[in-house]
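sequence and predicted model, in that order:
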Amino acid sequence: MALIEKLNESIIVGDGQTAVNTAKEIINNNIDIKDAILNGLSAGMKIVSEKYEKHKYFLTEIIIAADALNSAFELFKPHLSKQGKYKAKVVIGVVKGDIHEIGKNIVAQFLKAAGYYIIDLGRNAPPEKFIEAVKNNNAEFLAMSTLMSPTLEQMKIVIEKLKKEGIRDKIKVIIGGAPTDEKFAKDIGADYCCKDANEVVSLLDSILDKFKS
């Protein structure tokens with residue numbers, strides 16, 4: 001769809017005003033908000049990240065693109081709200097050493113919209129914070145993310161601490177972020193690796209459906 005493509009391009013070039021104006025057009029034209037977030041905002045930011053990895057973009061471009069994304073995303077957020085009893089509790093956060101939380105924020109909003117109760121630890125969350133949140137909230141799911149390869153080890157540390165606390169078998173662990181994949185998830189003992197917000201929602205719903213059947 002033309003407007004979603006326009007939104008995507010506005011993120012890539014870091015044009016905040018166009019991103020906001022396009023987001024408003026998408027809302028006014030009753031275009032699917034989740035589609036706009038995934039294929040407009042997230043897809044655009046993924047390209048920005050790839051350009052950064054290839055040294056075609058620098059930190060300045062990352063910040064400008066992130067600001068454009070956040071401005072548009074704030075307009076979309078009210079349209080993702082959902083009332084009613086929550087399905088399950090999810091602890092979510094970006095691991096210690098990483099301050100990139102755009103992807104995590106999108107996943108959290110999608111999960112809220114799908115009826116999940118979210119305990120958001122924000123960015124740069126130490127392992128102890130994840131463990132404390134899981135125990136204090138009796139959470140059914142733990143979602144961790146990172147966009148940086150050097151901080152991947154933090155995910156393994158969190159899982160090891162879950163084992164030491166004797167609660168690893170009581171929770172499903174999902175990881176995500178550019179440097180993660182299914183092999184890495186298996187290597188560190190995570191249950192799943194997801195590539196985007198829609199996949200996370202579908203996964204959690206399918207797990208709950210299995211419990212019900």
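Sure thing, it's come through. No experiment lies behind these values; they were computed from the predicted model shown.

next helix or strand past the helix or strand of the chain with the lowest mean pLDDT?
For the chain, counting by mean pLDDT, DSSP states H and E, helix 43-53 ranks last in confidence among helices and strands (a mean of 82). Next along the chain after helix 43-53, taking DSSP states H and E as the criterion, comes helix 59-76.

Thr146: how many residues sit nearby?
Each residue near Thr146 was counted by other Cβ atoms under 10 Å, and the total is 26. C-beta: built from backbone N, CA, C; applies to glycine.

same thing with Val201?
Neighbours of Val201 (other Cβ under 10 Å): 19.

how about His55?
Around His55 there are 7 other residues, counting by other Cβ under 10 Å.

likewise the one 4 residues further on?
Here the number of neighbours of Leu59 (other Cβ under 10 Å) works out to 8.

centre-most residue in this protein?
Lys104 (2.7 Å; Cα atoms, centre = their mean).

identify the residues contacting it.
Residues in contact with Lys104 (Cβ atoms under 8 Å, 6 or more residues apart in numbering) are 92-94, 120, 123, 143, 145.

now those residues in a markdown table, with secondary structure, neighbour count and distance to His55?
Formatted as a markdown table, the contacts of Lys104 follow (DSSP: H, G, I helix; E, B strand; the rest coil; neighbours: other Cβ atoms under 10 Å; distance: Cβ to Cβ, whole Å):
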| residue | secondary structure | neighbour count | distance to His55 |
| --- | --- | --- | --- |
| Ile92 | strand | 28 | 30 |
| Gly93 | strand | 25 | 29 |
| Val94 | strand | 27 | 23 |
| Asp120 | strand | 21 | 32 |
| Arg123 | coil | 19 | 24 |
| Ala143 | strand | 27 | 30 |
| Ser145 | strand | 26 | 23 |
